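*Asks:* With the input below, show me the fold.
(2 chains)
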Amino acid sequence: MFEKVAEIIADELSVPKEKITLESDLSEDLGGDSLDAVELIMAIEEEFDVEIADEDAQKIKTVQDIINLLE
Amino acid sequence: MGLNIEEIKEIIPHRYEMLLIDEVLELEPGVSAIAIKKCTEDSWFFKGHFPNYPVTPGVLMVEALAQTAAVSFLSLPENKGKLGFFAGINNCKFKKQVLPGDTLTLEIQTLKTKGSIAVVAAVAKIDGKLAVKAELTLAIGN
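*Replies:* Residues are numbered from 1 along each chain as shown, chains lettered A, B, ... in the order given. Predicted structure coming up:
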């Protein structure tokens, strides 16, 4: 799960995959802005065939938060 | 359902010289749209692009596609009076030179939306032949 999510994040935020850990903060550590966040959520929804509600999406700060939502 | 130029102007705020669609042939709000743009010989952009070889600027065709998408999204009741902003242009390719007298058919299809962000697949064709294709990300705002 982490591997796949990290791959998507690396792709969407144009950061090296090695830089991504569970604790990484999407904006502070990985430099994502609000538009990146929306595109990231869209890519994750597509890859995992899930629907992430806007209120859940807004609470996402770290990579762990994404994985918690998916599990 | 089609729209003439006056009806287009009620939905999107663009005006001469930046209103780059002439007519909407088909419209399904928030889902898809087909518009046309006639690149007539007297178009303002041919004068300087280029003086001895008039060809429609690629960026203006991408803009025309974005305006087609804007018509689709801003015709949703909840988006009435809002603006569409470019948030991304991905996988854009220009396949054919568009010359004076050509008529572009601009087609957009929504791929996904999330909150105020929409991603659309966009293609522009001349006589059924592909001229431009791109994936456009639009932010709908005030």
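
*Asks:* quick one: contacts for the closest residue to A:Q64 other than its chain neighbours?
*Replies:* Counting by C-beta to C-beta, 6 or more residues apart in numbering or on different chains, A:L22 is the residue found nearest to A:Q64 once chain neighbours are left out, at 4.6 Å. For glycine as for every other residue, the C-beta is placed from the backbone atoms N, C-alpha and C. Shown in contact with A:L22 (C-beta atoms under 8 Å, 6 or more residues apart in numbering or on different chains): A:F2, A:T62, A:V63, A:Q64, A:I67.

*Asks:* farthest-separated two in those?
*Replies:* A:F2 and A:T62 (11.9 Å; C-beta to C-beta).

*Asks:* Kindly tell me how buried B:W44 is, as a neighbour count.
*Replies:* B:W44 has 9 neighbours, counted by other C-beta atoms under 10 Å in any protein chain shown.

*Asks:* could you pull out the strands for chain B?
*Replies:* Here chain B has its strands, by DSSP state E, at B:23-28, B:32-38, B:83-94, B:103-114, B:117-126, B:129-141.

*Asks:* My read is that A:S27 contacts A:V15, right?
*Replies:* No - the pair A:S27 / A:V15 is not scored as a contact, 11.9 Å apart, by C-beta atoms under 8 Å.
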